[in-house]
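>>> show me the folded form of this:
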Amino acid sequence: MFAAAVSPGVSLRLLHYADIENAYDDPERIGRLAGLVDHLRDEETVVTGAGDNTGPGVLSLVTQGRQALDFFQAVDPDVDTFGNHDFDHGSDALLSVVDDSPQPWVCANAFQNGERFAAAEGAIPWTVVEAGDRRVGIVGVTHPETATINPNAADVRFTDAIQAVETGVDALQDENVDRIVVISHLGDDTELARMVNVDVVLGGHDHEALVERIDGTLVCRPGGTGRYLLEVSFDGDRPRATHHTVTDGPLDTDITATLRDRMDTAGLTEVVGTVEEPIVCDLQACKRGESRIGNLIVDAYRWRTGAAIGLNSGGGFRRQPPLTGDVTAFDLVGVTPYGADLVVLTIDGKDLLATLRHAALARAADGLPRWHFSHVSGAELVWDDAKNELQKARVDGSPVDPNTTYEIATTEFFVANDDLFPAFGPDDVVASYGLQYEAVVEYARETGLDPERDGRIQRPTLEAGDVPERDWPFSP
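Residues are numbered from 1 along each chain as shown. Purely as a prediction, here's the structure:
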């Protein structure tokens, strides 16, 4: 199924990408993806995208997704649709990207304030693209649960995708089209392919590359993070799909240089510290409780704010290769690549004890594994995994006093989301200190990078066999 060679000339060809996501953090990969599109494209080619092509990622975080415009302007796609991560920076940031994009955005099931989402910026539910002497009708849809998957899309309403596509197909059949294609960010397109009569579904959301036929419809996905470019060729009435390996593609040096310039301009390539002993960022380091990387992050929160306690959940870090040698701002932002502000809140000792009990994420609503645990600074905890209870809790060396008020530094995400730490909320916030990852970078720059484990979280009854083996380099 996978190939690197160029396909022979055909009467109609579709080139499709999706879920580019953090590939922008590797400018050469984006340069080769753009170069491969240019290499395969001719006047009878339609270039499409199926969402999550503006983020997430470090560069996306610091540019509000606008780094994707470099790729869009280089490739000049014919259409793109929305994915859940395209809303990572809120609908206003996405609307700005849509407004400045060269391609039309096509989505039939997204609405805002009673109107089609981004209609004022040129988004449309379906369109017809001419490729040589062929007319290709294209309908776009995104996952109907996008607003649940990504709370930053909460102001957008997503309707049933199959009904939206059926409406689009009916309209396109009156447009004298030769082929009808759906660009979909649904992940699983099985039901869609069974229910609607189209030639091809070009998918996204699921990062596994795919080619299959469902009731006569070709259903395919390119896979995630810009590893493959999907080609669909029409030779006769039966379309065929091929995945081209992006690393084998020619390099577009202009876009590679442009993305590197963006990194330089954002200060991401600045060396902010040197690490003697590698700081591990694997599954256990991120999610088991105290670790050097966890202490680094929450110590930075407390250092920046002066709060008595720093707090972050076990899911608040991203796994990546160990930090070693010269560490850049890019490396540190990659550990916590989230655009949430660092805030300080005040709660009494009773609520603090409840919060520290919830640091054991086994109590979380989504049923996380019992060995998951949060990270703290300024506090010392002893957690009994056998009894599933907090045995001891100290702040600045003293037991937590239920009648004393305490300040906690954490991110606004945990304040707004009560699934993990329900003992505090937005009304408890007293100050904001800017983007949380900026505090981590500043801390490293000012104090150095030599975090240590100091026993602040002790779990004497945690059985080693209950915790998976260290599993780097698998993704989070």
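>>> where does this structure have low pLDDT?
1-10, 363-367, 471-476 (pLDDT under 70).
>>> repeat that with 80
Residue ranges of the chain with pLDDT under 80: 1-10, 235-237, 314-316, 362-368, 469-476.
>>> residues in contact with the residue in it sticking out farthest from the centre?
Seen from the C-alpha centroid of the chain, the residue lying at the greatest distance (C-alpha atoms, centre = their mean) is residue 403, 40.9 Å away. By C-beta atoms under 8 Å, 6 or more residues apart in numbering, the contact set of residue 403 is 348-349. Every residue, glycine included, has its C-beta placed from N, CA and C.
>>> rerun that using 10 Å as the cut-off
348-350 (C-beta atoms under 10 Å, 6 or more residues apart in numbering).
>>> next: residue 121.
Contacts of residue 121 (C-beta under 10 Å, 6+ apart): 94-101, 104-105.
>>> ditto for residue 25
56-61, 67, 225, 259, 263, 268, 330, 333-334, 337.
>>> for the stretch 1-150 of the chain, which segments count as helices?
Counting by DSSP state H, counting those that start in this stretch, the stretch 1-150 of the chain has helices at residues 27-40, 58-63, 68-75, 91-100, 146-149.
>>> point out the most buried one among the ones you listed.
Most buried of the helices of the stretch 1-150 of the chain by mean neighbour count (mean count of other C-beta atoms under 10 Å) is helix 58-63; its value is a mean of 25.
>>> which neighbouring elements make contact with that one?
The elements that helix 58-63 packs onto, with contact taken as 3 or more C-beta pairs under 10 Å, 6 or more residues apart in numbering; DSSP states H and E, are helix 68-75, helix 253-265, helix 329-335, helix 436-447.
>>> so how far is it from its chain's centroid?
11 Å (C-alpha atoms, centre = their mean, to the nearest Å).
>>> test my guess that residue 29 contacts residue 256.
Yes - counting by C-beta atoms under 10 Å, residue 29 touches residue 256, with 9.0 Å between them.
>>> what's the domain layout of this protein?
Here the domain assignment for the chain is 2-262, 270-466, based on automatic domain parsing.
>>> how long is the last one end to end?
Translated: domain 270-466. 40 Å (C-alpha to C-alpha, to the nearest Å).
>>> got the contact list for the residue lying closest to residue 52 once chain neighbours are set aside?
Nearest non-adjacent residue to residue 52, counting by C-beta to C-beta, 6 or more residues apart in numbering: residue 83, 3.4 Å away. Neighbouring residues of residue 83 by C-beta under 10 Å, 6+ apart: 18-21, 49-55, 142-143, 146, 149-150, 185-187, 204-205.
>>> of all the helices and strands packed on helix 58-63, which one is nearest residue 419?
Checking those against residue 419 by C-beta to C-beta gives helix 436-447 as the closest, at 18.6 Å.
>>> so which elements touch that closest one?
Using 3+ C-beta pairs under 10 Å, 6+ apart: helix 436-447 touches helix 58-63, strand 271-279, helix 292-305, strand 323-328, helix 329-335, strand 341-348, strand 405-411, strand 429-435.
>>> which SS class is the nearest residue to residue 330 once chain neighbours are set aside?
Once flanking residues are discounted, residue 330 sits nearest to residue 268: 3.9 Å by C-beta to C-beta, 6+ apart. Secondary structure state of residue 268, per DSSP: H, G, I helix; E, B strand; the rest coil, is coil.
>>> tell me the SS of residue 241?
strand.
>>> and it, how far from residue 209?
The gap separating residue 241 from residue 209 is 10 Å, by C-beta to C-beta, to the nearest Å.
>>> residue 389 now?
46 Å.
>>> between those two, point out the one with more neighbours.
residue 209 (17 against 11; other C-beta atoms under 10 Å).
>>> not counting sequence-adjacent ones, nearest residue to the more buried one?
Per C-beta to C-beta, 6+ apart, closest to residue 209 is residue 223, 3.5 Å.
>>> and the one you found, what does it touch?
2, 17-19, 204, 206-210, 229-230, 243, 246.
>>> please apply the same query to residue 105.
49, 51, 77, 79-82, 86, 94-95, 97-99, 117-119, 121-124, 127, 140.
>>> swap in residue 347?
Going by C-beta under 10 Å, 6+ apart, the list of residues near residue 347 reads 309, 353-355, 405-408, 423-425, 428.
>>> and with 7 Å instead?
406, 408, 423-424, 428 (C-beta atoms under 7 Å, 6 or more residues apart in numbering).
>>> how about residue 256?
Neighbours of residue 256 in contact, by C-beta under 7 Å, 6+ apart: 27-28, 30-31.
>>> how much space separates it from residue 390?
51 Å.
>>> what does residue 222 give?
47 Å.
>>> and what of residue 147?
In terms of C-beta to C-beta, residue 147 sits 35 Å off from residue 390.
>>> residues near residue 49, how many?
Residue 49: 33 neighbours (other C-beta under 10 Å).
>>> now swap in residue 261 and tell me
Residue 261: 12 neighbours (other C-beta under 10 Å).
>>> gap between it and residue 32?
From residue 261 to residue 32 the distance is 18 Å (C-beta to C-beta).
>>> who are the contact partners of residue 260?
Per C-beta under 7 Å, 6+ apart, neighbours of residue 260: residue 27.
>>> hang on, the earlier thing: and of the helices of the stretch 1-150 of the chain, who's closest to residue 284?
Taking these one by one with C-beta to C-beta, helix 58-63 is closest: 22.9 Å.
>>> which residues touch that closest one?
By C-beta under 7 Å, 6+ apart, helix 58-63 touches 24-25, 54, 67, 259, 262-263, 266, 268, 330, 333-334, 337, 339.
>>> residues in contact with the residue nearest to residue 259 when sequence neighbours are not counted?
Nearest non-adjacent residue to residue 259, counting by C-beta to C-beta, 6+ apart: residue 27, 3.8 Å away. With contacts defined as C-beta under 7 Å, 6+ apart, residue 27 is in contact with 256, 259-260.
>>> mind running it again at 8 Å?
Contacts of residue 27 (C-beta under 8 Å, 6+ apart): 255-257, 259-260, 263.
>>> sorry, back to before: so the residue nearest to residue 209 sits in a helix?
No - counting by three-state DSSP, residue 223 falls outside a helix, being coil.
>>> can you give me phi and psi for it?
phi 90, psi 170 (degrees, to the nearest 10).
>>> follow-up on the earlier one: of the contacts of residue 403, closest to residue 454?
residue 349 (22.8 Å).
>>> give me the neighbour count for the closest one.
So residue 349, with other C-beta under 10 Å, has 17 neighbours.
>>> pull up the gap between the residue sitting nearest the centre point of the chain and residue 410, please.
Centroid-nearest residue in the chain: residue 56, 3.5 Å away (criterion: C-alpha atoms, centre = their mean). To residue 410, residue 56 is 20 Å away according to C-beta to C-beta.
>>> with that, I have no additional questions.
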